[in-house]
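Novice: heads up, no residue letters with this:
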């Protein structure tokens, strides 16, 4: 005769199964909160020039990351090639295994190809981490659905608090606001180089992004080179940094602003001055926009619109 479990017995069995699964995964629990300590614990990056391990975050990478604990919203106006995108992706992972467990993190780039590349970068970094690679779900388990495994545009991260509900890091293109509306439990949004999106009017994209945080009290990080002095990137900068047209009830005026020109990366040893000198000669009047965090004066009429396409100028590392 087959004996059925009582509801209480079923709950006890489920709890034991969950505990056994978490123990079998051997997920680390000693997770540093300090950015530089977590970076060193996670695994060192390779210097783009010397190929040697980078022992510490730069001072500006540390400051941006540290401010994520102090400020709900952050905007980083940055030069090309200063390393903020990569350190911000590692920060996304730290959030996935700490403050955002069981929730969704959106990584929104200027288009889907760049979003895919960001998730590829982060997946490789996690996979190469001696301590944290076990968090990455690469194959189904008895506690998850068959499709709850890491894919090209989604990373599934083990949630030790509830193995039935993994954390997800989701890559999206910023040219389609409809793709942002779909997500229901967004705890953090990371926008990268969104000023390079093909959309002329990006208000709907930002409206969709802010709406995702309404029920979670979630956080947002925007890191992007400047473009023209218009659009939401500039509006946030104008209201939060320049204190113009302030609306105290709007999140747009509540951002912590960081500005990271290329000279800071030279001082940190990430870029050499010879490269910048060559870029200044090549770009001419456009140089300040790409390397000095300068919103280009769109009242000038001599330039052509295609000059503002990022194209061959490269992306952040």
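Specialist: Great, that's in hand. From a predicted model like this one, the values you see are computed outputs, not experimental measurements.

Novice: strands of the stretch 1-150 of the chain, start to end?
Specialist: Taking DSSP state E, counting those that start in this stretch, the strands of the stretch 1-150 of the chain run over residues 73-78, 104-109.

Novice: can you read off the pLDDT for residue 210?
Specialist: Note on residue 210: pLDDT of 93.

Novice: could you number the chain from 856 rather than 1 from now on?
Specialist: Sure, I'll start counting at 856 from here, so that last one is residue 1065.

Novice: that one: what's it in contact with?
Specialist: By C-beta atoms under 8 Å, 6 or more residues apart in numbering, the contact set of residue 1065 is 1075, 1106. Heads up, the C-betas are built off the backbone N, CA and C, glycines and all.

Novice: check which helix or strand it maps to.
Specialist: Using DSSP states H and E, residue 1065 maps to helix 1058-1067.

Novice: out of the helices and strands in this protein, which is least certain?
Specialist: helix 862-880 (a mean of 52; mean pLDDT, DSSP states H and E).

Novice: is the spatially most central residue of the chain in a helix, a strand, or coil?
Specialist: For the chain, residue 1045 is the residue whose C-alpha lies nearest the centre (C-alpha atoms, centre = their mean; 3.6 Å). Here residue 1045 is recorded as strand under DSSP: H, G, I helix; E, B strand; the rest coil.

Novice: wait, residue 1023 touches residue 1014, no?
Specialist: No: using C-beta atoms under 8 Å, residue 1023 is not in contact with residue 1014; the gap is 9.8 Å.

Novice: shared neighbours of those two, anything?
Specialist: Shared contacts of residue 1023 and residue 1014, defined by C-beta under 8 Å, 6+ apart, are absent.

Novice: just give me the neighbour total for residue 960.
Specialist: Counted with other C-beta atoms under 10 Å, residues neighbouring residue 960 total 23.

Novice: and it, what pLDDT?
Specialist: What the model reports for residue 960 is a pLDDT of 98.

Novice: for the stretch 956-1105 of the chain, which segments count as helices?
Specialist: Under the criterion DSSP state H, counting those that start in this stretch, the stretch 956-1105 of the chain carries helices at the ranges 967-982, 1033-1036, 1058-1067, 1086-1095.

Novice: give the other helices and strands that the last one contacts.
Specialist: Using 3 or more C-beta pairs under 8 Å, 6 or more residues apart in numbering; DSSP states H and E, the elements in contact with helix 1086-1095 are strand 928-933, helix 1058-1067, strand 1074-1079, strand 1111-1115.

Novice: among these, which is nearest residue 896?
Specialist: Nearest to residue 896, of all these, is strand 1074-1079, at 20.8 Å by C-beta to C-beta.

Novice: point out where the stretch 956-1105 of the chain drops to low pLDDT.
Specialist: Along the stretch 956-1105 of the chain, segments meeting pLDDT under 70 span 995-1005, 1100-1103.

Novice: out of the strands of the stretch 856-1005 of the chain, which gets nearest to residue 1122?
Specialist: strand 928-933 (14.6 Å).

Novice: can you tell me which residues contact residue 1008?
Specialist: Contacts for residue 1008 (C-beta under 8 Å, 6+ apart) come out as 967, 970-971, 974, 1025-1027.

Novice: from residue 968, how far off is it?
Specialist: According to C-beta to C-beta, to the nearest Å, residue 1008 and residue 968 sit 11 Å apart.
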